[in-house]
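Asks: When you get a sec, could you give me coordinates for this:
(2 chains)
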Protein chains: 2
Amino acid sequence: MKKVLLYCLLLSPVMASAQQNLVKYVRPIIGTQKMGHTYPGATVPFGAVQLSPDTDTLSYELNGKYNGEVYKYCAGYKYEDKTIVGFSHTHFSGTGHSDLGDFLIMPTQGKLQLNPGIADEPKSGFRSAFSHANETAEAGYYKVKLDDDHITAEMTATNRVGIHQYTFPKSDDSHIILDLMSGIYNYDDKTVWTYVRVVNDTLITGYRQTNGWARTRTVYFAMTFSKPFKAYGQKNFDKTQAYKGFWRKFDQTKNFPEIAGKCIRMYFDFATQEQEKVQIKFALSPVSQENALMNMRTEAQGWDFNKFKTQAQADWNKELNKIKIDAAEDDKVNFYTALYHTFINPTNYSDVNGEYKGLDQGVHKADGFTNYTTFSLWDTYRALHPFFNIMQPSRNNDMVKSMMAHYDQSALKMLPIWSHYANDNWCMSGYHSVSVLADAIIKGVYNGDAQKALDACIMTANHRNYEGIGDYIDRGYIPAERSGTSVSNTLEYAYDDWCIAQIAKKLGRDGVYAQFTKRAGNWKNVFDKSIGFMRPKLADGSFKKEFDALSTHGQGFIEGNTWNYSFFVPQDPSEMIAEMGGAKRVASRLDSLFSMHLPDEFFADTEDITREGIIGGYVHGNEPAHHVAYLYNWVGQPWKTQEKIRMILKMQYKSTPDGLGGNDDCGQMSAWYLFSSLGFYPVAPGSDEYALGSPAVKNAVLSLENGKTFTVEALNQSDKNVYVSKVLLNGKPLNGFKIKHADITNGGKLTFVMTGKIK
Amino acid sequence: MKKVLLYCLLLSPVMASAQQNLVKYVRPIIGTQKMGHTYPGATVPFGAVQLSPDTDTLSYELNGKYNGEVYKYCAGYKYEDKTIVGFSHTHFSGTGHSDLGDFLIMPTQGKLQLNPGIADEPKSGFRSAFSHANETAEAGYYKVKLDDDHITAEMTATNRVGIHQYTFPKSDDSHIILDLMSGIYNYDDKTVWTYVRVVNDTLITGYRQTNGWARTRTVYFAMTFSKPFKAYGQKNFDKTQAYKGFWRKFDQTKNFPEIAGKCIRMYFDFATQEQEKVQIKFALSPVSQENALMNMRTEAQGWDFNKFKTQAQADWNKELNKIKIDAAEDDKVNFYTALYHTFINPTNYSDVNGEYKGLDQGVHKADGFTNYTTFSLWDTYRALHPFFNIMQPSRNNDMVKSMMAHYDQSALKMLPIWSHYANDNWCMSGYHSVSVLADAIIKGVYNGDAQKALDACIMTANHRNYEGIGDYIDRGYIPAERSGTSVSNTLEYAYDDWCIAQIAKKLGRDGVYAQFTKRAGNWKNVFDKSIGFMRPKLADGSFKKEFDALSTHGQGFIEGNTWNYSFFVPQDPSEMIAEMGGAKRVASRLDSLFSMHLPDEFFADTEDITREGIIGGYVHGNEPAHHVAYLYNWVGQPWKTQEKIRMILKMQYKSTPDGLGGNDDCGQMSAWYLFSSLGFYPVAPGSDEYALGSPAVKNAVLSLENGKTFTVEALNQSDKNVYVSKVLLNGKPLNGFKIKHADITNGGKLTFVMTGKIK
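Replies: As a prediction, this is how the structure comes out:
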């Protein structure tokens, strides 16, 4: 009997060893409509190049005024749009602010146009109409027909190289435009400088330097065509151009190979036969033109587009096969698209020789690790990095090393807050690097110098002139007079301090442990017991009188109101519950949160999400409450965690372009989906525990880097059977709704017995 | 008897071996008034740093209009001015257009001011009044008292490091301002970007990127103070600043160590005791902040200002001692100041590890040579580089190698025209690199691949879309319709082509020799025999009817009228004379040139020179006629060469601030002085011959790199005895007024017997 069972298991569709075609479940188009802010283009796992269509290149300022529309274009592409401006090489996935969009390429034919034109009149410029019927977006591959000029565009990528293939009609007047001034979240003077060198009739190198969300950012490139161009030229759109003088000796607009300026669009002319394919390989480097060329020559030899596509999809398949699930087809689409979205950011930020640009704007060599960038840490410390500690521990180890390199290069002596491309934009609140470090150290993933990492955490947490930290240290909270986000900052610092304490505890640094454990209790200083909510406190120690618990703006919080933020004590839910008046009262409060009606006026306050991103007053589309549904476990009502989780999974994640209820935030929203679908969640990263919820899969096999597998199975699984009647770990009943990290990494099986009835 | 003579010789003041203090004759202040465009500050021979006071920082555009005044400030300093704005680290010497002026430092005390203020009201800003009475300018050392704040400023330099010493009064409010937006020939948007990193309380690194005469230029720096600052800050003067957002988390104006922007001035606060000296070491690099720091640590250890000064002056003394002269004291001042000015440009452009930024904006390593920049070739091919072939052959060899590296990095595949800091500004006409290459190859100075050098010359000379070369190749001249400088270009190309032919001849490339010898005769195509002048020719082959032989503008010439340019056939004076109607007629024309009256209206046309820069119609302040006085040798009237040379030496070079009659042009004017003072001149660089004139020294001993000495002696020398009655080479009478390059490099003695009577 036993033998037969084992045999069946080996044949089951979730068998760990046999590779499945899971790329077919990935729909990059999910999240491209409304607030998801994902992009549909081609990238490989954690790839440095994200080659994707941009449907508009609106300026941040239009006629000197902030243009609200630009926010929609964080990822360059909106599903709703009817035209494509071109295909650029760098994109964030799911962010709520943006940058990038470097090196826009657009194929055209007929009369050369060097202005993009406007959306309503695609013929007014080089942009083209397109329709979703003629569009294919897959993991590592994107294809679209450009209707205006009857050109089919296809793209794929290697890590550092974008591969384009354009199928032209017969024309003596075919062009490929290289727009060096286009960018995402563009404004006047965002493009600081561009330099282009036409090396020969197939090779171009150069760089683009921007002053955007990343203040001081340069991206170098090397671009090569599969066939020689006939001629080329440029137009400089700078409002003012400095000294010209003897530069006039050349006609620099045509066939002039040394180009520089602020606002440049170039074109390359070809004669094409009917259905002739012109390919481009476009390599990036953070360091130099030479390194870009080296990246291209190392990663992308030859001109076999299908080979590159096949390899990109094989790379994805390899990563996706790390988790094999048995679930409904539509759930598989959601699951593998979420897995795809979690394996995009952070992105590789070093050349094939390990060189990269550091925060100090110097060139460094990553010694023994791969350097990563794009750390949206306020979002991703919660579930993305913990997810990596299970499914991508080597990469997360390197990510922590990248963060430590950032610290070493920081004149401020701070770990990253929100960093990308050798800059910190200090977006959002807290110093959540310390959470990522703590989680990696506590879980044994980080193999670098943990003592030094702890020192970096302490330095960062004691940076008195950073966003109220001085006050926070002196008073235990940030006075409401001094900051518009005094409460959420205090809460987040307190959690982060607890993370630091956990590292100190593990490393035997008792003084540090004591100091930061004390700081971790600072959340109490902004808790108003009289009303049971977190509340802004004034410098004189009294709570601010005027206070609206529903509003997000002006109440001391960021991206959340006190209804959501009052539950933000992930480091000590039990104590929080005690302060709030006990389990019963808190359970009732949680019920209210999920069922209340948030009037439109307050929803309008809440950034980055659609109306669908809210359930009652619970805001899933933003991150601060991501752990909240799991808190029912702490008030003795785990079945409510179970039903809420299943509800959120159904309501907030759909397999449609508008399927994401809020910004995917570099994979944080997707990582929540993955954890919760698998039945557990890291409520407090920095601890080695996971709270159990209600798995949405029937079965999942996680293939770990250590060679072991961890299986989640949900017996009696169905859409109605959302409650968990029993949990077995390796066949033994589990007490309490939590498991340890080692339970996973040791390999084994977690069995949920599902039921449609509460308890 | 013989023995005694030898003994006397060994004791003579021009003895080659004993080092003299020649620095005392150098007056860097010469040329700082009127049109000399030299600077008075501190540099070492061919040093990468030129640390010098700037007396104004006028913008190129003032209220949107070209501000003619800015031209005066090519070297940053005008002797006539009453205030100093600060001390910056890079300056051209003697140019007629400009750039640079990077990293202006100004010490102040009292209330902090971050605007320079205006010249008439020094108290309106951080600039200070000063007087020449309190100013000392020596080779490698500059000192001035800043009257407003009672601060004494002193500076010296190593190759790549500027050394400042400021002596403050007692003050709790002393400041050192670092102005990153100030620059020479400044205009809106010239400063493209600056980045500063305050590493600790004595060390700052960063870079400045400009779009000026050099289109794409970045200079990196490392700066260190001899004592820690108390505090620091910055003000950003950008008209628009892009995204700020979460950057507001910091007060970035004070003690914020990661600074970036377009228009930034920083300050560092100190408390100083009475007469306390605060020193700064400021290192530059073309490559990186890290390399700047390496340059500083390698070249400038410790804080002994006097040691640095002594070393800088010892470096100068070593170079100056290569020529020891016996002459009147005032002539020694002129001679050694000229020698000083010839040993400034081109400047070192590589780090101590050999790395430098190439024309392709990539980092290169100079393999086996020192990389140089600042090639003002239209000027310096004439006498400066030929002078180097005698006195600095190793450096000139490296300069040619630097030019070849430029060619290798050029997407245009051209040798430099006027290059500085990894850019070509293509200033002036011709492709005179080929002259420098030819002179170095013919004279055996270049030890690189001569065949490749010839190929580079051919590529450059065949660049059809560069300034009329296509027409020139097709027709043998540039049609006047196509270019405002059609005649001078044709003449200069023809000379350059002859240079190429000389290389080809030496290398046995017969086809090239024939081709370029033919091109070298193209000067005839713009010679109008009917009037005996060079004249613009139209595309139809007829000479342009409207023509003014006195005017410089709009007549087909650059920086010279046809009276001067018609003699520009240095490659073949004999044939030129024949075409012009023979020796007698040409002699008469030369007489007219030197005696005619050039009406003011035509002088006004003539750029870059003062009225004193003209003798009759002969314009010495510009370069095209620099060889003309020697042409009397070719028409059988060498005594007129002799008297004209002595006249020009007296009239055009004086030991006063206004002593230079025109731009020194990176040493070309000074090199003319040196050659002519020594009695010979390279009329046609690219040949191995020098024409003899009339030496102005009594005796000169040239210590050559090959260990030999070449002595010039002028017997019966006096201000009246300007004529040469006899010339002996190594005691043997010389036939004809010329010597060979080997006559010099073989060592020996050239004796001129002087007389006050013609012949």
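Asks: Every contact and neighbour count from this point should use C-alpha atoms.
Replies: Noted.
Asks: What ranges does the stretch 301-450 of chain A have for its helices?
Replies: Remark: helices assigned in the stretch 301-450 of chain A by DSSP state H, counting those that start in this stretch are A:305-320, A:329-342, A:377-380, A:384-391, A:393-409, A:433-442, A:450-461.
Asks: Ok, which of these comes nearest chain B?
Replies: If you check each of the helices of the stretch 301-450 of chain A against chain B by CA to the nearest CA, helix A:393-409 wins as the nearest, at 9.6 Å.
Asks: Just checking that closest one against chain B, any contact.
Replies: No. Using CA under 8 Å from any CA of the partner chain, we find that helix A:393-409 stays clear of chain B, coming within 9.6 Å at best.
Asks: Identify each buried residue in that helix, please.
Replies: In terms of neighbour count (16 or more other CA atoms under 10 Å in any protein chain shown), helix A:393-409 has its buried residues at A:393-409.
Asks: Same question for stretch A:533-547.
Replies: Residues of stretch A:533-547 classed as buried by neighbour count (16+ other CA under 10 Å): A:533-539, A:543-544.
Asks: Extract the C-alpha set from it and format it as CSV.
Replies: Output of stretch A:533-547 as CSV, limited to C-alpha atoms (Å, rounded to 0.1, in the frame of the first residue of the first chain):
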residue,chain,number,x,y,z
PHE,A,533,-6.0,54.0,18.2
MET,A,534,-2.5,55.1,17.2
ARG,A,535,-2.7,58.9,17.2
PRO,A,536,-0.4,61.9,16.7
LYS,A,537,1.3,63.1,19.8
LEU,A,538,2.5,66.6,20.3
ALA,A,539,5.8,67.7,21.7
ASP,A,540,4.3,68.4,25.1
GLY,A,541,3.2,64.8,25.4
SER,A,542,-0.5,65.3,24.8
PHE,A,543,-2.3,63.8,21.9
LYS,A,544,-3.3,66.0,19.1
LYS,A,545,-6.9,67.0,19.5
GLU,A,546,-8.1,67.3,16.0
PHE,A,547,-8.0,63.8,14.6
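Asks: Count residues in the vicinity of A:E329, would you?
Replies: Other residues within reach of A:E329 by the criterion other CA atoms under 10 Å in any protein chain shown amount to 10.
Asks: what about it, distance to A:E575?
Replies: Remark: distance between A:E329 and A:E575 (CA to CA, to the nearest Å) = 42 Å.
Asks: cool, and A:Q275?
Replies: 69 Å.
Asks: who in the stretch 301-450 of chain A is up against chain B?
Replies: So the stretch 301-450 of chain A meets chain B at A:360, A:362, A:411-412, A:425-428 (CA under 8 Å from any CA).
Asks: Save those residues as JSON lines, and put in neighbour count, distance to B:D149 and pLDDT too.
Replies: JSON lines is the format used below for these (neighbours: other CA atoms under 10 Å in any protein chain shown; distance: CA to CA, whole Å; pLDDT from 0 to 100):
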{"residue": "A:D360", "neighbour count": "23", "distance to B:D149": "35", "pLDDT": "97"}
{"residue": "A:G362", "neighbour count": "17", "distance to B:D149": "38", "pLDDT": "97"}
{"residue": "A:A411", "neighbour count": "18", "distance to B:D149": "32", "pLDDT": "96"}
{"residue": "A:L412", "neighbour count": "20", "distance to B:D149": "33", "pLDDT": "95"}
{"residue": "A:N425", "neighbour count": "23", "distance to B:D149": "40", "pLDDT": "94"}
{"residue": "A:W426", "neighbour count": "25", "distance to B:D149": "40", "pLDDT": "94"}
{"residue": "A:C427", "neighbour count": "19", "distance to B:D149": "43", "pLDDT": "94"}
{"residue": "A:M428", "neighbour count": "19", "distance to B:D149": "46", "pLDDT": "92"}
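Asks: What is the nearest of the residues you listed to B:A714?
Replies: A:G362 (58.4 Å; CA to CA).
Asks: quick one, what contacts the closest one?
Replies: A:G362 sits next to B:288-290 when contact means CA atoms under 8 Å, 6 or more residues apart in numbering or on different chains.
Asks: contacting residues for the spatially most central residue of chain A?
Replies: Residue closest to the average C-alpha location in chain A (CA atoms, centre = their mean): A:C666, at 0.8 Å. By CA under 8 Å, 6+ apart, A:C666 lies in contact with A:92-95, A:341-342, A:344-346, A:376, A:379-380.
Asks: With A:D548 instead?
Replies: Under the criterion of CA under 8 Å, 6+ apart, the neighbours of A:D548 are A:Q555.
Asks: In three-state terms, label it for me.
Replies: For A:D548, the assignment made with DSSP: H, G, I helix; E, B strand; the rest coil gives coil.
Asks: returning to that earlier point: restricted to helices, list the contacts of A:G362.
Replies: Among these, the residues falling in helices (DSSP state H) are B:289-290.
Asks: just the contacts of A:G362 that are near chain A?
Replies: Applying CA under 8 Å from any CA to these, those adjacent to chain A are B:288-290.
Asks: residue in the stretch 651-759 of chain A nearest to chain B?
Replies: A:D665 (17.1 Å).
Asks: pretty sure that residue is touching A:D379, no?
Replies: Yes. At 6.4 Å, A:D665 counts as touching A:D379 under the criterion of CA atoms under 8 Å.
Asks: In terms of neighbours, single out the busier of these two.
Replies: A:D665 (30 against 24).
Asks: And the more buried one, what's its pLDDT?
Replies: Model confidence at A:D665, given as pLDDT, is 96.
Asks: average pLDDT across stretch A:108-126?
Replies: 91.
Asks: what separates the longest helix along chain A from the chain centre, distance-wise?
Replies: Taking DSSP H as the assignment, the helix of chain A that covers the most residues is helix A:486-507. Remark: helix A:486-507 is offset 23 Å from the chain centroid, using CA atoms, centre = their mean, to the nearest Å.
Asks: Export that helix to CSV, keeping only CA atoms.
Replies: C-alpha atoms of helix A:486-507 as CSV (Å, rounded to 0.1, in the frame of the first residue of the first chain):
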residue,chain,number,x,y,z
SER,A,486,4.9,61.3,12.8
VAL,A,487,2.8,58.2,13.9
SER,A,488,3.6,55.9,11.0
ASN,A,489,7.2,56.8,11.3
THR,A,490,7.3,56.0,15.0
LEU,A,491,5.5,52.7,14.4
GLU,A,492,7.8,51.7,11.6
TYR,A,493,11.0,52.7,13.5
ALA,A,494,9.8,50.7,16.5
TYR,A,495,9.4,47.6,14.3
ASP,A,496,12.7,48.2,12.6
ASP,A,497,14.4,48.6,16.0
TRP,A,498,13.0,45.2,17.1
CYS,A,499,14.6,43.8,14.0
ILE,A,500,17.9,45.2,15.0
ALA,A,501,17.4,43.8,18.5
GLN,A,502,16.9,40.3,16.9
ILE,A,503,20.2,40.5,15.1
ALA,A,504,21.9,41.7,18.3
LYS,A,505,20.4,38.8,20.2
LYS,A,506,21.7,36.3,17.7
LEU,A,507,25.1,37.9,17.7
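Asks: Ok, which of the helices of the stretch 301-450 of chain A comes nearest A:D179?
Replies: helix A:305-320 (23.0 Å).
Asks: Give me the angle between the closest one and helix A:384-391.
Replies: 90 degrees (axes from the mean of the first three to the mean of the last three CA atoms, to 10 degrees).
Asks: gap between the two ends of stretch A:224-233?
Replies: Using CA to CA, the end-to-end distance of stretch A:224-233 comes out at 16 Å.
Asks: which residues of chain A score low on pLDDT?
Replies: Residues of chain A that meet the criterion pLDDT under 70 lie in A:1-17, A:59-65, A:240-245, A:602-610, A:759.
Asks: Can you give me the domain assignment for it?
Replies: A:31-318, A:321-755 (automatic domain parsing).
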